[in-house]
Structure formats: C-alpha cells, structure tokens
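Engineer: Can you look at this prediction? I've put the sequence above it.
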Amino acid sequence: MFAAGFITVVLTPMRGPDVALGSTDALHCYAAMLYVADHVLANELLLGVPLTSAYGASFASATFLCGVCQFLRAEDDYEAQRVYVRCFARPKPLLSFAAFVWLLELGFMVFENALFFIFLFGMCSGLTVV
C-alpha cells in the first residue's frame, strides 16, 4: 500500500491534460487504482471490517466503479470506443461518443468523491463527541 501510494503521489504525479487515464498518466492511474484496492484488503484483513458490512460493500463498490470509469478511458479511450460501438452506436446512436466520454468523466468524479466520503465517514464512525 505504501509503495503504491508513493508511486502515485511522489514518483508519478498527474501531468494532465485531463484527469482520466491518458497515456501520459498511465502509471499514476494504475498505481492509484492499486492503492485504493489495497485499502479494501486492509479493511478486511487488518481492521476486521468485512466486505459484507455496509461500509465494506460500499467502499468496494465505489472503488470498483471508479476503476471501471478509469479503465474505459485508458489508452486514449480505446476501451470506451469499443463499449460505445457495441452498446450505443447502433443504426441511430442514442448519444454521441463525446457525450459518452463526458458521462465516463462524470461517473469517475462522482464515484471518486463518493469513495472519499465513504472513507471519511468510516474513519469518523468511531469518534465520540464529548
């Protein structure tokens, strides 16, 4: 977990131009996904928080959905194009590819922020107000 966090933050900070998994930020984003996945394992193995609990399930779900949005944007939207062609680019497209990519970016931001709040509320759940 520490190695993945060090790689993510120190060795390979985001270079942009967008927050998705572009070719310039591939190592950063893969390390970030590994870092967040490590938290799922740490919750289960070190802290004893089962994946079947509400916290464990919501943390793992948000992690997975955030990773899916990132994966689809990988390598200059290669996977996103494949999914778009298979699901949306029928004889009359339901939405444009640009709109599909925008939805993936929105999904990533929503799930990443949800993941942060789930993590924050999980950390704060043991606090007692005196």
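Structural biologist: Sure thing, it's come through.
Engineer: Give the helix, strand or coil label for F117.
Structural biologist: With DSSP: H, G, I helix; E, B strand; the rest coil as the basis, the three-state label of F117 is helix.
Engineer: Count residues in the vicinity of it, would you?
Structural biologist: For F117, the tally of surrounding residues (other Cβ atoms under 10 Å) stands at 11. For glycine as for every other residue, the C-beta is placed from the backbone atoms N, C-alpha and C.
Engineer: try T52
Structural biologist: Using other Cβ under 10 Å, the number of residues around T52 comes to 9.
Engineer: Mind listing what's buried along stretch 58-76?
Structural biologist: Using 16 or more other Cβ atoms under 10 Å as the burial criterion, the residues of stretch 58-76 that qualify are 58-60, 62-67, 69-74.
Engineer: Can you point out the buried residues in the strand or helix carrying L41?
Structural biologist: L41 is part of helix 26-45, with elements assigned from DSSP states H and E. Judged by neighbour count (16+ other Cβ under 10 Å), helix 26-45 contains these buried residues: 28-37, 39-40, 43-44.
Engineer: Run the chain-centre distance for that helix.
Structural biologist: The chain centre lies 9 Å from the centre of helix 26-45; the measure is Cα atoms, centre = their mean, to the nearest Å.
Engineer: Give me the mean pLDDT for it.
Structural biologist: Per-region confidence: helix 26-45 scores 78 on mean pLDDT.
Engineer: Which neighbouring elements make contact with that helix?
Structural biologist: Packing partners of helix 26-45 (3 or more Cβ pairs under 8 Å, 6 or more residues apart in numbering; DSSP states H and E): helix 2-6, helix 54-72, helix 74-87.
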